[in-house]
Every structure is written in C-alpha cells, then in structure tokens.
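In: Okay, here's the prediction I keep looking at, along with the sequence it came from:
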Amino acid sequence: MLDQDFTQALAGLRATFRDIRAVVDVDALEADIARLSEAAGAPDLWDDVDNAQKVTSALSHRQAELKRVMAVEQRIDDLDVLVELAAEMDDADAEEEARQELAALEEVVGQLEVQTLLDGEYDARGAVVTIRSGAGGDDATDFAEMLMRMYLRWAERHKYPVKVMDTSYAEGAGIKSATFEVDVPYAYGTLSVEAGTHRLARISPFGSADKRQTSFAAVEVIPVMEEAVEVDIPEGDIRVDVFRSSGPGGQSVNTTDSAVRLTHLPTGLVVSMQNEKSQIQNRAAAMRVLQTRLLLLKREEEAAKKKELAGVITASWGDQMRSYFLYGQQLVKDLRTGYEVGNPATVFDGDLDGLIAAGIKWRKRKDDD
C-alpha cells in the first residue's frame, strides 16, 4: 500500500508543477503558437527569407517548449490514474510502478523548475558552444576533445539535436577547437553556466615519467540570435581565408578547399566553419556566428556587462571555474558553487544536469544579491 510519504511527495510534485505552469504561462504560449502558425502559413512567407526563418524558428521553439510542459502534465495525470488503480486492485506491481514513475517525475519536474530561473535576455535561445584547448600541450588538446564528447553526450541524453559547425584537429591528440550548435529552447540559458576555464589534473597518458599533468580548456557559449542580421559588417573589415577541411592527424576530409575562416580585423575575432558541403554555406554559417559575437560585444560594451556573456577566457591558471581530478581521489568540483561529483566517468559521459542546475541556481542568487 502506498504510504503517507508517497502521498505527500505526490502532492508536493503537483504543487511544484502548478507553479511551473504559471511561470511558463501556457495560455500565452498557446496564443504565441497560434499567431506564429498563422504567419507561417502565409502564402508569401518565403518572399522574405530572413523573416521566414525568424517565424519558423520562433514557432519551432515555442512548440517544443509547450510540448515539454504538456508532456509532464500528462505524465502526472497518468500517475494519478495508476495510483487509483493500485489502491482499488491492491496491486503490488502497480504500486512499485507508481513509485518508480514518481521518482522519474520528480527529476523531470526539478529540471523544469530550474528552467524557470532562466529569465535572462537571451536565455530562451539556442546556443553555439566553442571549446578551445589551452595550456598543457597534448593533454590540453585531448582534454578539449573529452569536453566536446561530454557535451555531445549530454545533448544526446536529452535528445537535443546538435550540429557540429567546425572542428580543428591537433597534430597530436585531440582537438585545438570545435564549435557546435544546440538549437533548442533554453539551450543558451542552460549551457551558459558552462562558459569559462575548465581544468584537468591527471597522470598524463602522453608522458613517460608518470607525472601529474595539469591542462586547461576554455568553453565559450553564445546565443543563437535571429537579430544577428542587423549587424552590418563592411567587407573591408573582414579577411576571408579558404582552406581544406582536415580530419584527425591532418588528413583531408574534402577534396575541395571548402572550409572558411573569417577574421574581423577591428576586433580580432576569428570564426572558422568547415562542416557544410560548400564554401558558400560555410561562409554563411561563419558570418552568422561572427555577427552574433559582434552584436554581443556591442551590447556588452553599451551595458558594461562583459562578464555576463562570453567574456574573456584565458584557459590557464587563475580563472578556472571547474576542476576535474582523474588521479588519487576521483572528483569533479565546480569552484563557483562547491558542487562535487565523485565519479568523473559519469560526468564525461554526459551526466551534467546536477552541475548545470547548481550553476544556474548560483547565478540566480548572485544576480539577486
């Protein structure tokens, strides 16, 4: 028989979800979807390609957000039915299924509750993540690749689509840098707490003396921004380099020089793209990212909020935000929140939700102070 603790936990789950539903404002979300659906159905929609992309992207994001909330609501309703069935039939199997579903729902609702804290200007947008190796030689490039896999596995766990936009392989192990896009609602608000310098301490697999090696990698997160097209970049401010895409060990992937590197001369910002099929597509993708970075830079300067967005990440001693220890005491520790995980293997396999949730709560408290 389901006990008092179960009943109280289920009542608490319902109350938390009611609060989440109110914050999300389902009615307003449905109204937005209706308005955008009507706009998306206009026969002349694609006469203006830029506007069409904005409309369809906004519609897709809002539909995904509504689907996520309504799916949880349906699961809670189904759990209520299961609880009634277990009580009427005195069915031990149904009771155990109800306990397992309650535990699963508590985790899902907890994640939704954290999402309600994401109320920043760009938090609801998708994210473009760039990982760069820092100090530490082969260990650093290998660490950068480990972080890349970690985030891709995290996205896979959540069934988020990922588009890898650029990968620059190191001559030895790992990668020099990589850029990928997670274009789902609240990806930026969620992943932005991962921005900063990450530090790895381990016995190096690349050295012969079995000495501890410390290496660094930088993670930059920027939002996918529809208004990036508003940034006008004079042709004279950009240097365009075309080169052959490379795979691990420097081997060619494409038979043509289709990869593109854009350098914004006034600021020194550099964006490379190589994973599209043509030079034209790579240049367009690189330009979108460059426009976004310039727009953020402009807004940072105007609002004096440089540290709130991409910031300057040096990937070396003194500014790390998280440490990964793979020797002695196995540990991952976030230096901002104090949150720790005693099994680094699970973290590198994409189990990041606890670290991310702690980061979001820490940032919210910091903003409210």
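Out: Sure thing, it's come through.

In: okay but Lys364 is in contact with Leu117, surely?
Out: Yes. Proximity of Lys364 to Leu117 meets the contact threshold set by C-beta atoms under 8 Å, at 4.7 Å. Yep, even glycine has a C-beta here, placed from its N, CA and C like the rest.

In: Helices of the chain, start to end?
Out: 4-24, 26-40, 49-89, 92-115, 137-157, 187-191, 279-303, 344-348, 353-368 (DSSP state H).

In: residues contacting Arg21?
Out: Val69, Glu73 (C-beta atoms under 8 Å, 6 or more residues apart in numbering).

In: can we see that at 7 Å?
Out: Neighbouring residues of Arg21 by C-beta atoms under 7 Å, 6 or more residues apart in numbering: Val69.

In: I figured Ile203 hits Arg212, correct?
Out: Yes. Counting by C-beta atoms under 7 Å, Arg212 is a contact partner of Ile203 at 6.0 Å.

In: what residues are shared contacts of the two?
Out: By the contact definition C-beta under 7 Å, 6+ apart, Ile203 and Arg212 are jointly contacted by Tyr327.

In: burial measure for Gln63, as a count.
Out: Counted with other C-beta atoms under 10 Å, residues neighbouring Gln63 total 16.

In: My read is that it contacts Ala34, right?
Out: No. Judged on C-beta under 7 Å, Gln63 makes no contact with Ala34 at a distance of 11.0 Å.

In: which residues of the stretch 101-250 of the chain score low on pLDDT?
Out: 208-209, 226-231, 245-250 (pLDDT under 70).

In: Repeat the analysis, applying 50 as the threshold.
Out: 228 (pLDDT under 50).

In: all strands for it, in order.
Out: Using DSSP state E, counting those that start in this stretch, the strands of the stretch 101-250 of the chain run over residues 127-133, 163-169, 175-182, 196-203, 212-223, 238-243.

In: Could you pull up the residues touching the closest residue in space to Asp139 that isn't next to it in sequence?
Out: Of all residues not flanking Asp139 in the chain, Ser215 sits nearest, at 3.9 Å (C-beta to C-beta, 6 or more residues apart in numbering). Listed by C-beta under 7 Å, 6+ apart, the contact partners of Ser215 are Ala135, Gly136, Asp139, Ala140, Phe143, Leu200.

In: Serialize those to JSON lines and add fields for neighbour count and distance to Ala71.
Out: Shown next, in JSON lines, are the contacts of Ser215 (neighbours: other C-beta atoms under 10 Å; distance: C-beta to C-beta, whole Å):
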{"residue": "Ala135", "neighbour count": "16", "distance to Ala71": "44"}
{"residue": "Gly136", "neighbour count": "22", "distance to Ala71": "43"}
{"residue": "Asp139", "neighbour count": "25", "distance to Ala71": "42"}
{"residue": "Ala140", "neighbour count": "26", "distance to Ala71": "41"}
{"residue": "Phe143", "neighbour count": "28", "distance to Ala71": "36"}
{"residue": "Leu200", "neighbour count": "26", "distance to Ala71": "37"}
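
In: Adding distance to Val49, write those residues out as JSON lines.
Out: Formatted as JSON lines, those follow (distance: C-beta to C-beta, whole Å):
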{"residue": "Ala135", "distance to Val49": "44"}
{"residue": "Gly136", "distance to Val49": "44"}
{"residue": "Asp139", "distance to Val49": "45"}
{"residue": "Ala140", "distance to Val49": "41"}
{"residue": "Phe143", "distance to Val49": "40"}
{"residue": "Leu200", "distance to Val49": "44"}
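
In: and of these, the nearest to Ala42?
Out: Of all the contacts of Ser215, Ala42 sits closest to Phe143, with 48.9 Å by C-beta to C-beta.

In: Return the most buried member of the helices of the chain.
Out: Comparing the helices of the chain on average neighbours per residue, with mean count of other C-beta atoms under 10 Å, the densest one is helix 187-191 at a mean of 26.

In: Need the contact partners of that one.
Out: 118, 120, 122-127, 129, 160, 182, 221, 223, 356.

In: Filter those down to just the buried residues.
Out: Taking 16 or more other C-beta atoms under 10 Å as the criterion, what is buried in the contacts of helix 187-191 is 118, 120, 122-127, 129, 160, 182, 221, 223, 356.

In: Which two among the contacts of helix 187-191 are spaced furthest apart?
Out: Across the contacts of helix 187-191 (C-beta to C-beta), the longest gap, 19.4 Å, separates Gly120 and Tyr160.

In: Now do the contacts for Asp123.
Out: Counting by C-beta under 7 Å, 6+ apart, the residues that Asp123 touches are Tyr186, Tyr188, Gly189.

In: Would you list the phi and psi of it?
Out: The phi/psi pair for Asp123 (degrees, to the nearest 10) reads phi -60, psi -30.

In: Roughly how far does it sit from Gln213?
Out: 36 Å (C-beta to C-beta, to the nearest Å).

In: what do you get for Ala34?
Out: Taken as C-beta to C-beta, the span from Ala34 to Gln213 is 57 Å.

In: same check, this time on Lys67
Out: Where Gln213 is concerned, Lys67 sits at a distance of 45 Å (C-beta to C-beta).

In: try Lys159
Out: Lys159 is 35 Å from Gln213, by C-beta to C-beta.
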